[in-house]
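**Student:** give me coordinates for this.
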Amino acid sequence: MGASGRIAQGAGGVGRGLTKARQTRPGRVLCGRDLCGRKKGGAGVGPSRRGKGTKLMAVADGTGVPIAAHAASASPHEVTLVQDTLAERFTDAAPQKLIGDRAYDSDRLDRELAEQGVELIAPHRYNRSKPITQDGRALRRYKRRWRIERLFAWLQNFRRLVVRYEYHVQNFLGFVHLGCMLILLRRYF
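**Tutor:** Predicted coordinates for the structure are as follows:
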């Protein structure tokens with residue numbers, strides 16, 4: 001028997017025989033993917049090591065309560081997004097101290113934040129060629145960085161924020177702000 005004489009077994013199961021050819025309906029219903037001819041991703045999506053993504057930046061106070069949140073493409077470095085994140089803060093006053101990880105070891109960022117009255121506390125990278133600028137007393141505060149990690153863990157409890165489903169970055173940032181509001185409400189009420 002040739003290949004054309006075999007029985008097709010699909011979703012119908014065993015023993016139902018040959019399946020009918022799919023008939024086209026005269027009034028075809030359009031799906032959302034048929035109407036939208038754009039490329040997948042949207043604004044604020046950029047390449048990263050794991051594919052495409054959106055970077056979520058946040059600033060928290062000493063107790064882990066969110067002060068600012070910003071979403072951007074995954075391509076730019078965190079150092080370039082600090083000023084945008086501080087510009088989108090929920091409070092009027094800027095934080096006095098900003099604690100970051102080794103990626104924030106930038107003399108230019110340190111100067112820019114010092115002009116605004118913000119002290120940057122970040123350990124130096126291992127391959128730093130310039131003289132050190134951080135002393136041991138300020139770096140003792142770095143052990144409190146777990147509070148911002150806790151904020152991101154709280155935000156990841158909201159399933160809508162784990163994966164970005166929205167095309168527009170403003171809609172995703174709105175859900176992030178909603179998550180921050182719920183964290184604030186749970187904290188104080």
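
**Student:** before we move on, which element is residue 154 in?
**Tutor:** According to DSSP states H and E, residue 154 maps onto helix 146-156.

**Student:** check which element follows that helix along the chain.
**Tutor:** That would be, after helix 146-156 and using DSSP H and E, helix 159-162.

**Student:** flag every buried residue along stretch 138-154.
**Tutor:** 138, 142, 145, 148, 151, 154 (16 or more other Cβ atoms under 10 Å). Where you see a C-beta, it was placed from the backbone N, CA and C, and this is true even at glycine.

**Student:** thinking again about what came up before, CA atoms only for the helix holding residue 154, dumped as PDB, please.
**Tutor:** What follows is helix 146-156, C-alpha atoms only, in PDB (Å, rounded to 0.1, in the frame of the first residue of the first chain):
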ATOM      1  CA  TRP A 146      18.600  42.300  50.000                       C
ATOM      2  CA  ARG A 147      15.600  44.700  50.600                       C
ATOM      3  CA  ILE A 148      15.400  45.700  46.900                       C
ATOM      4  CA  GLU A 149      15.700  42.000  46.000                       C
ATOM      5  CA  ARG A 150      12.700  41.400  48.300                       C
ATOM      6  CA  LEU A 151      10.800  44.100  46.400                       C
ATOM      7  CA  PHE A 152      11.300  42.300  43.200                       C
ATOM      8  CA  ALA A 153      10.200  39.000  44.800                       C
ATOM      9  CA  TRP A 154       7.000  40.800  45.900                       C
ATOM     10  CA  LEU A 155       6.500  42.000  42.400                       C
ATOM     11  CA  GLN A 156       7.000  38.600  41.000                       C
END
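
**Student:** what's the closest of the buried residues of stretch 138-154 to residue 102?
**Tutor:** Proximity of those to residue 102 (Cβ to Cβ) peaks at residue 142, which lies at 9.8 Å.

**Student:** by residue count, which strand of the protein is the longest?
**Tutor:** strand 51-60 (DSSP state E).

**Student:** and the helix or strand just after that strand, what other elements does it pack with?
**Tutor:** Of the helices and strands lying after strand 51-60 in sequence (DSSP H and E), the nearest is strand 66-73. When contacts are defined as 3 or more Cβ pairs under 8 Å, 6 or more residues apart in numbering; DSSP states H and E, strand 66-73 sits against strand 51-60, helix 78-87, helix 169-188.
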